[in-house]
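Participant: Here you go, sequence then predicted model.
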Amino acid sequence: MSKVKHEAAECSICSQNTTRYIEILGGYICKACEREISNLDMKDKKYEVYNILMKKMWREFLTAM
């Protein structure tokens, strides 16, 4: 795994500024949110919240095209 230095960016999920993130659909997801999403069970109540936030990112991406 390569270590890439990123500029600070705001997480599209939690709105925290971070330098450790992934870029997806023109937005950014911090490592903490990425880990939370990856380990989330579909039955968890947080699942729907993350689902809504990811759909929002998708809509913003499509609108910007």
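Facilitator: Received it, and whenever you're ready, just let me know what you need.
Participant: For this structure, give me the ranges with low pLDDT.
Facilitator: Counting by pLDDT under 70, the chain has low-confidence residues at 1-6.
Participant: give the contact list for the residue nearest the centre of the chain.
Facilitator: By Cα atoms, centre = their mean, the chain has its centre lying nearest to residue 29, at 2.8 Å. Contacts for residue 29 were tallied using Cβ atoms under 8 Å, 6 or more residues apart in numbering; they are 11, 12, 13, 21, 22, 37. (Glycine included, C-beta is placed from N, CA and C.)
Participant: do the same with residue 64
Facilitator: Here residue 64 is in contact with residue 26 (Cβ under 8 Å, 6+ apart).
Participant: what's the answer for residue 23, then?
Facilitator: Applying Cβ under 8 Å, 6+ apart, the residues contacting residue 23 are residue 9.
Participant: sec struct for residue 12, please.
Facilitator: coil (DSSP: H, G, I helix; E, B strand; the rest coil).
Participant: how close does it sit to residue 28?
Facilitator: Per Cβ to Cβ, to the nearest Å, residue 12 is found 6 Å from residue 28.
Participant: Kindly report the same for residue 11.
Facilitator: Remark: distance between residue 11 and residue 28 (Cβ to Cβ) = 6 Å.
Participant: can you give me phi and psi for residue 9?
Facilitator: phi -140, psi 160 (degrees, to the nearest 10).
Participant: Oh, that last question was meant for residue 30, not what I typed.
Facilitator: Per degrees, to the nearest 10, the backbone of residue 30 is at phi -70, psi 160.
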